[in-house]
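Enquirer: when you get a sec, could you give me coordinates for this:
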Amino acid sequence: QVQLVESGGGSVQPGGSLRLSCAASGTILSFYEMAWYRQAPGNKRELVAARSSGGSTLYSDSVKGRFTISGDSARRMVFLEMNSLRPEDTAVYYCNADGVHVPARGIIELWGQGTQVTVSS
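Expert: Below you'll find the model as predicted:
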């Protein structure tokens with residue numbers, strides 16, 4: 001079964017740091033992009049950062065200069081280093097993989113189960 005498994009969420013004080021990890025399991029022939037999204041209560045899910053299989057990255061304006069996305073495409077892994085965290089970064093963070101080529105299923109999109117990040121003093 002192909003799935004994404006996240007880890008690394010938790011609680012931290014403002015100004016602190018956290019690192020999220022996401023690993024894809026199962027047989028994946030290729031993928032287009034892995035990304036991190038977040039959703040705060042009452043808000044829509046929003047893109048935080050994305051990394052293509054070739055290593056190109058993009059960030060939302062709200063996290064530029066504070067968050068860094070990295071990954072290992074061969075191992076189907078993506079990470080999010082979050083620094084200078086603010087209370088407004090509090091949300092459930094979801095890993096996403098798009099354009100995933102799975103044998104006998106074609107091209108699909110995957111979502112992780114989500115991991116809570118809470119920034120509070």
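
Enquirer: from Gly42, how far off is the nearest residue to Ala50 once chain neighbours are set aside?
Expert: Spatial nearest neighbour of Ala50, chain neighbours left out: Ala35 (3.7 Å); criterion: C-beta to C-beta, 6 or more residues apart in numbering. All C-beta atoms are positioned from the backbone trio N, CA, C, and that covers glycine. Distance, Ala35 to Gly42, by C-beta to C-beta, to the nearest Å: 22 Å.

Enquirer: now do Asn96
Expert: Taken as C-beta to C-beta, the span from Asn96 to Gly42 is 21 Å.

Enquirer: same check, this time on Trp36
Expert: For Trp36, the distance to Gly42 - C-beta to C-beta - is 20 Å.

Enquirer: have a look at the two and say which one is more surrounded.
Expert: Trp36 (27 against 5; other C-beta atoms under 10 Å).

Enquirer: who's that one bridged to?
Expert: Beta bridges link Trp36 to Ala49, Cys95 when assigned by DSSP bridges.

Enquirer: same question, Ile107
Expert: His101.

Enquirer: what's the local residue count around it?
Expert: 13.

Enquirer: repeat that for Gln39.
Expert: For Gln39, using other C-beta under 10 Å, the count is 14.

Enquirer: leaving out sequence neighbours, find the closest residue to it.
Expert: Once flanking residues are discounted, Gln39 sits nearest to Arg45: 4.2 Å by C-beta to C-beta, 6+ apart.

Enquirer: pretty sure Pro14 contacts Pro87?
Expert: Yes - under the criterion of C-beta atoms under 8 Å, Pro14 makes contact with Pro87 at 6.1 Å.
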